[in-house]
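Participant: Coordinates for the following, if possible.
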Amino acid sequence: MTEGTVATWLKKVGDKINEGDILAEIETDKATMEFESFNEGTLLYIGIPEGETAPVDSLLAIIGAEGEDVTALIAGGATAPAPAATEAPNEATVTPAATTTATELPKGVIVVTMPRLSDTMTEGTVATWLKKVGDTIAEGDILAEIETDKATMEFESFNAGTLLYIGIQEGNTAPVDSLLAIIGPAGTDITGVAAGFTAGGTTAAPVATETAAAPATTEKNIETVQEPSADGQRILASPLAKN
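Facilitator: Predicted coordinates for the structure are as follows:
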């Protein structure tokens, strides 16, 4: 995904936003996903109207204190007046496919890494695996539930194949970008892939990653929300792809 289309806004400017509210539905190149807010405040500005398409990291919306002047932020696009940290949902998000060095991955093999699901998340805990090694995976299947520092999120597969390997067992915690699972054609030998992978997305072979998540009690996130600026009030939202 390099761009997204706002299918529907479920909130309008001036609405009060609670953490967990669904702000909009956004069409990616794979699906229509719901974008959930991880912050509270008032929806001050909508940057992408319904039906319009914009690149990843375009200004989607601004959330802040009611009545706050955000003219300067709008004029500056997605650039905040102070350094901003991102949170994914989905996320969510996404970690670009890691680049590589030695041999190539076997054909059809996908390396799935621990996703970054919030702005402060540095590690995640696998609460429950909903699939086991050898299971056939369809696109859209929920593979596992992952606990972050903010919530328990469902991790969805955007690839079809067989679950060949689980890298983080239930109850275990691992840093973002650690090897979570490997999906590929049934019977594929992935011993070298698993052994060569290290936290941070480094492996002895090219890595394709997927990150797709949603709160266990809600639908899926596909966006990034930039954290409050120095005054603790303003929040910028911009579309972010899932791998």
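Participant: ends of stretch 184-193, how far apart?
Facilitator: 12 Å (C-alpha to C-alpha, to the nearest Å).
Participant: typo on my end, it should be stretch 184-196
Facilitator: Using C-alpha to C-alpha, one end of stretch 184-196 lies 17 Å from the other.
Participant: and that stretch, average pLDDT?
Facilitator: Mean pLDDT, stretch 184-196: 85.
Participant: By neighbour count, which bits of that stretch are buried? Give me those.
Facilitator: Buried residues in stretch 184-196, counted by 16 or more other C-beta atoms under 10 Å: 184, 188, 190, 193, 194, 196. All C-beta spots, glycine's among them, are computed from the backbone N, C-alpha and C.
Participant: List the buried residues in stretch 58-66.
Facilitator: Those buried within stretch 58-66 under the rule 16+ other C-beta under 10 Å are 58, 59, 60, 61, 62, 63, 64.
Participant: Mind checking which of the buried residues of stretch 184-196 are in strands?
Facilitator: Judged by DSSP state E, the buried residues of stretch 184-196 include residue 184 as members of strands.
Participant: Now distance to residue 13 too, for the buried residues of stretch 184-196, in a markdown table please.
Facilitator: Shown next, in a markdown table, are these (distance: C-beta to C-beta, whole Å):
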| residue | distance to residue 13 |
| --- | --- |
| 184 | 46 |
| 188 | 51 |
| 190 | 49 |
| 193 | 48 |
| 194 | 49 |
| 196 | 50 |
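Participant: what's the closest of the buried residues of stretch 58-66 to residue 173?
Facilitator: Nearest to residue 173 among those, counting by C-beta to C-beta, is residue 63 at 30.4 Å.
Participant: separation between residue 168 and residue 136?
Facilitator: Noted for residue 168: a distance of 21 Å to residue 136, by C-beta to C-beta, to the nearest Å.
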